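1. Below: sequence and its predicted model.
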Amino acid sequence: MGIEIKMPALSPTMEEGTLAKWLVKEGDTVKSGDLLAEIETDKATMEFEAVDEGVIGKILVAEGTDNVKVGTVIAVIAGEGEDVSSATAAPAPSPTPAPAPAPAASAAAPTPTPAPAPAAQPAAATGSRVKASPLARRIAADKGVELSTVTGSGPNGRIVKADVEGAKPGAAPAAAPAAAAAAPAPTAAPAAAPAETKAVWFDDSIPHEEEKLSNIRKTIARRLTESKQTVPHIYLTVDIRLDALLKLRGELNKALEARGVKLSVNDLLIKALGVALARTPKCNVTFTGDKLIKYSRADVSVAVSTPTGLITPIIKDAANKSVSAIATEMKDLAARAREGKLQPHEYQGGTASLSNMGMYGIKQFEAVINPPQGMIMAIGAGEKRPYIVDDALAVATVMSATGSFDHRAIDGADGAEMMKVFKELVEAPMGMIA
């Protein structure tokens, strides 16, 4: 029979994933702990290890296959002397349920025998099915040109701007009787509308290429859309003088040089946010609809850009960790995030987030809250600015920081208090490391 290798659930929320790459081939001998495949989940690309030992007898799901349901048999390990070549039917359990509803749907389709609506549909939709660029459609509409009478010179016979510019509007009346004949069946018009709507998503007459969305990018899109649509954001911005923090960083780096530790400004800001959340617990919360979750520990999710999209590894208990520990941990997490080797517990959770775009020269921005967290801190670039120091105009290194708060859970006054504490910690950094 052999040992079935099933699509694993690599995170609590994972229902399906992409089998990105096989790291073994049929005939390879594997033992417990050997890497079998790379699985792309809704969060990251992760390596999948073998639990049993034996010979890879049959690979049932090819690499690159999308939407593989958790629990689907993806390969079979053969024991000594076993033949699993007949295991080709093993992947059937996942697709099998799909054909069952299909006959029911197709059986239901012929039932509405009244043919008037289907008969009228092709006549009404003919114009919208003509291949034409959106620009060509607009010009044709302005000139009264019926697109069905125009010969396209673009790719695959597509009608482009040049085709309709030279066309005469005389063909339009000829098409009108056909439209009038179809008028008694008004149900055909709504059927044509969605097709036209989809046709104008982008102008495909412009040279372009299409890139399939990864599961990570799909998840980013879904979660950010959900956040902006369901979470009422309130934004609070403060300007923060960085000179004292930069001086302290230089001194600490000299002291830590022998240990091979180098602090970044971001490491110190992670610490500052952790301490600020600990001192303003009303901002270290999650809104759940009927209750408020108040956290007693500040776990800071830090935005890291990777080739496949943004991921947020977590510095747990940031308020109570030393800045050297934060720097060492962040360096390791960021490197493994870019390699797609983070474990779920390293990027799932967190009580608040920090996103720093200062290295790109971005002066100030408003970040989108990462649900179910209640806030995110957006860090801009530190730059020399005119600044009032001791009641006198001077030049100082200043950055803008913007907190985005879930207004359902965090009042503006509480958010303002947290921003005030964060500013004080950064401007007098000895207070957060003492």
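-> Looks like it came in fine.

2. Only C-alpha atoms from now on, for both contacts and neighbour counts.
-> Will do.

3. List the buried residues of the helix or strand Lys420 falls within.
-> Counting by DSSP states H and E, the element that carries Lys420 is helix 412-427. Within helix 412-427, the residues that qualify as buried are 414-419, 421-427, counting by 16 or more other CA atoms under 10 Å.

4. Per-residue pLDDT of Ala90, please?
-> Ala90 carries a pLDDT value of 43.

5. meant to ask about Ala174
-> We have a pLDDT of 41 for Ala174.

6. Also Val421?
-> 98.

7. How about Thr96?
-> We have a pLDDT of 41 for Thr96.

8. same thing with Lys247?
-> Model confidence at Lys247 (pLDDT) stands at 97.

9. if you go through the stretch 201-350 of the chain in chain order, where are the helices?
-> Taking DSSP state H, counting those that start in this stretch as the criterion, the stretch 201-350 of the chain carries its helices at 215-230, 243-256, 265-279, 323-338, 344-347.

10. quick one: low-confidence ranges for the stretch 151-300 of the chain?
-> Scanning the stretch 151-300 of the chain for pLDDT under 70 picks out 155-156, 170-202.

11. just the strands in the stretch 251-400 of the chain please.
-> Applying DSSP state E, counting those that start in this stretch to the stretch 251-400 of the chain gives strands spanning 285-287, 292-294, 300-302, 304-306, 309-311, 314-315, 352-356, 375-379, 383-389, 392-406.

12. Mean pLDDT lowest where, among those?
-> Sorting the strands of the stretch 251-400 of the chain by mean pLDDT places strand 309-311 lowest, at a mean of 86.

13. packing partners for that one?
-> Under the contact criterion of 3 or more CA pairs under 8 Å, 6 or more residues apart in numbering; DSSP states H and E, strand 309-311 touches helix 215-230, strand 304-306.

14. so how far is the last one off the chain centroid?
-> In terms of CA atoms, centre = their mean, to the nearest Å, the centre of strand 304-306 is set 11 Å apart from its chain centre.

15. Check stretch 284-293 too.
-> On the basis of CA atoms, centre = their mean, stretch 284-293 sits 24 Å off its chain's mean C-alpha point.

16. try stretch 261-268
-> 27 Å.

17. can I get the CA coordinates of that stretch in PDB?
-> In PDB, the C-alpha atoms belonging to stretch 261-268 read as follows (Å, rounded to 0.1, in the frame of the first residue of the first chain):
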ATOM      1  CA  VAL A 261      26.500  43.000  17.300                       C
ATOM      2  CA  LYS A 262      25.500  46.100  15.400                       C
ATOM      3  CA  LEU A 263      22.400  48.100  16.300                       C
ATOM      4  CA  SER A 264      20.300  49.800  13.600                       C
ATOM      5  CA  VAL A 265      18.000  52.700  14.300                       C
ATOM      6  CA  ASN A 266      15.100  50.400  13.600                       C
ATOM      7  CA  ASP A 267      16.200  48.100  16.500                       C
ATOM      8  CA  LEU A 268      16.000  51.000  18.900                       C
END
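
18. Now do the most centrally placed residue in the chain against Asp267, distance only.
-> Closest to where the C-alpha atoms of the chain average out (CA atoms, centre = their mean) is Ile220, at 1.6 Å. To Asp267, Ile220 is 25 Å away according to CA to CA, to the nearest Å.

19. ditto for Ala162
-> Ala162 is 58 Å from Asp267, by CA to CA.

20. neighbour count winner among these two?
-> The neighbour comparison of Ala162 against Asp267 (other CA atoms under 10 Å) goes to Asp267, with 23 against 13.

21. got the contact list for that one?
-> Residues near Asp267 by CA atoms under 8 Å, 6 or more residues apart in numbering: 323, 326-327, 330.

22. out of the residues you listed, who's nearest Arg137?
-> Among the contacts of Asp267, Met330 lies closest to Arg137 (CA to CA), at 53.1 Å.

23. correct me, but that closest one touches Ile315?
-> Yes: using CA atoms under 8 Å, Met330 is in contact with Ile315, at 7.2 Å.

24. neighbour-wise, which of the two wins?
-> Using other CA under 10 Å, the more surrounded residue of Met330 and Ile315 is Ile315, with 26 against 21.

25. which non-adjacent residue is nearest that one?
-> Val300 (5.2 Å; CA to CA, 6 or more residues apart in numbering).

26. beta partners of that neighbour?
-> Counting by DSSP bridges, Val300 forms beta bridges with Ile315, Ala352.

27. give me the number of residues near it?
-> Counted with other CA under 10 Å, residues neighbouring Val300 total 26.

28. list the contacts for it?
-> By CA under 8 Å, 6+ apart, the residues touching Val300 are 270, 273-274, 314-318, 350-354.

29. Check the gap between it and Thr286 for me.
-> In terms of CA to CA, Val300 sits 14 Å off from Thr286.

30. Overlap of the contact sets of those two?
-> Thr351.

31. Out of the contacts of Asp267, which comes closest to Leu248?
-> Closest approach between the contacts of Asp267 and Leu248, by CA to CA: Val323, at 11.5 Å.

32. can you pull the pLDDT of that closest one?
-> 97.

33. OK, contacts around it?
-> Residues in contact with Val323 (CA under 8 Å, 6+ apart) are 263, 267-268, 271, 433.

34. do you know how far it is from Lys316?
-> Distance of Val323 to Lys316, computed by CA to CA: 13 Å.

35. Could you spell out which stretches of the chain belong to which domain?
-> Listed by automatic domain parsing, the domain ranges of the chain are 3-100, 116-199, 217-433.

36. right, and those domains - which one's nearest Glu210?
-> Smallest distance to Glu210 across the domains of the chain (CA to CA): 14.4 Å, for domain 217-433.

37. what about stretch 350-359, how long is it end to end?
-> Using CA to CA, one end of stretch 350-359 lies 24 Å from the other.

38. I'd like the distance between Thr351 and Pro372.
-> 8 Å.

39. what touches both of the two?
-> Thr286.

40. quick one, which of these two is more surrounded?
-> The neighbour count for Thr351 versus Pro372, taken as other CA under 10 Å, is higher for Thr351 (29 against 17).
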